[in-house]
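Fold the stuff below for me.
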Amino acid sequence: MFEKNEAMLKGASLGNSKALEKMIEINNGLIWSIAKRFTGRGYELEDLYQIGCIGMIKSIKKFDFKFGVKFSTYAVPYILGEIKKFLRDDGIIKVSRSIKELGIKIKEIEKEYVLKKGESISVKKLSDLLKVPEVDIVSAIEASKQVESINEEVYEDGKSTKIDKIVSNRDEQGKIIDKIVLNEMVNSLKERDKKIIVLRFYKEKTQTQVAKILGISQVQVSRIEKRILKDLKNKLIKENAS
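Next comes the predicted model:
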């Protein structure tokens, strides 16, 4: 099955329309799940899905098996990026009337609460008062925030604009890909090596704690950890260079 999908992906990347359609069909659930994250922005879900498909097609065209990651994992930032780009380029994000009205009510309650209590009201209290789910409260608060312009001036390091800071930073998509590649590398480690990395850097255990869990010495943990990190670093450098 994997070999069949791999051949299909290669065909799609070379312009085979049937293979391209099949790849979109196979990853249909992934595109829909990402598109659904952006509901409530004033756009039809079907439109967001179609934009997500564009991101999927771009990822197919740019995918290389040398990346050493699953295609579906690689495609995620492209789908997300395409939808976000659409929302950004389409101007100020559209907000439904119900969300706008909820936002107005929230502001009124927030103002009264601060005057009476001298502190900000929590999302939970707003939810209880308005009899609205917390997720809707958060959506309304976010939607009512002023949209920032990329040409707005910032003064952290002299006069510059947000766009200046954005373009000077490393490509965000590149960071996501690096993280995905690293996660894939960790998942491919031998069972004990993987446990050490997960316990040390994901669960933030000390080397002594890891040693007790695995039934080995702290010195062994230290030696194994150094070897794994060195291997992961070399592999990541190699991936970025390819």
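
How is the chain divided into domains?
Domain assignment for the chain by automatic domain parsing gives 2-89, 95-147, 179-241.

which stretches of this protein have low pLDDT?
Applying pLDDT under 70 to the chain flags residues 1-4, 67, 89-96, 118, 142-184, 238-242.

Need the single longest helix in it, by residues.
Scanning the chain for the longest helix, with DSSP state H as the assignment, gives helix 218-241.

in that helix, what's buried?
By 16 or more other C-beta atoms under 10 Å, the buried positions in helix 218-241 come out as Val221, Ile224, Glu225, Ile228, Leu232, Lys235, Glu239. C-betas here are computed from N, CA, C, even on glycine.

ranking the domains of the chain by burial, who's on top?
domain 2-89 (a mean of 16; mean count of other C-beta atoms under 10 Å).

could you measure the residue nearest to the spatial centre of the chain against Ile34, distance?
Geometric centre of the chain, nearest residue: Pro77, 6.8 Å, by C-alpha atoms, centre = their mean. According to C-beta to C-beta, to the nearest Å, Pro77 and Ile34 sit 10 Å apart.

Sketch out the helices for the protein, chain order is fine.
Along the chain, counting by DSSP H, helices occupy 2-13, 17-26, 28-35, 45-62, 71-89, 97-117, 123-130, 134-143, 162-168, 172-187, 191-197, 207-214, 218-241.

check contacts around the closest residue to Gln218 other than its chain neighbours.
Spatial nearest neighbour of Gln218, chain neighbours left out: Ala211 (4.5 Å); criterion: C-beta to C-beta, 6 or more residues apart in numbering. Residues in contact with Ala211 (C-beta atoms under 8 Å, 6 or more residues apart in numbering) are Ser217, Gln218, Gln220, Val221.

How much space separates Val69 from Met185?
Look at Val69 and Met185: by C-beta to C-beta, they are 9 Å apart.

Ok, Leu126 next?
Distance from Leu126 to Met185, by C-beta to C-beta: 43 Å.

ditto for Val210
As judged by C-beta to C-beta, Val210 and Met185 stand 19 Å apart.

just the CA coordinates of stretch 121-138, formatted as CSV?
Written as CSV, here are the backbone C-alpha positions of stretch 121-138 (Å, rounded to 0.1, in the frame of the first residue of the first chain):
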residue,chain,number,x,y,z
ILE,A,121,-13.1,39.1,34.5
SER,A,122,-12.3,35.5,33.6
VAL,A,123,-13.5,33.7,30.5
LYS,A,124,-15.3,31.2,32.7
LYS,A,125,-17.3,34.0,34.5
LEU,A,126,-18.2,35.5,31.2
SER,A,127,-19.3,32.1,30.0
ASP,A,128,-21.5,31.7,33.1
LEU,A,129,-23.0,35.2,32.9
LEU,A,130,-23.8,35.0,29.2
LYS,A,131,-24.7,31.3,29.1
VAL,A,132,-22.4,30.9,26.2
PRO,A,133,-19.6,28.2,25.8
GLU,A,134,-16.1,29.4,26.7
VAL,A,135,-14.8,28.7,23.2
ASP,A,136,-17.4,31.2,21.8
ILE,A,137,-16.3,33.8,24.4
VAL,A,138,-12.7,33.4,23.3
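
Show me the contact partners of it.
Against stretch 121-138 from outside (C-beta under 8 Å, 6+ apart): Ile99, Leu102, Lys105, Ile106, Ile109, Glu110, Tyr113, Val114, Ile141.
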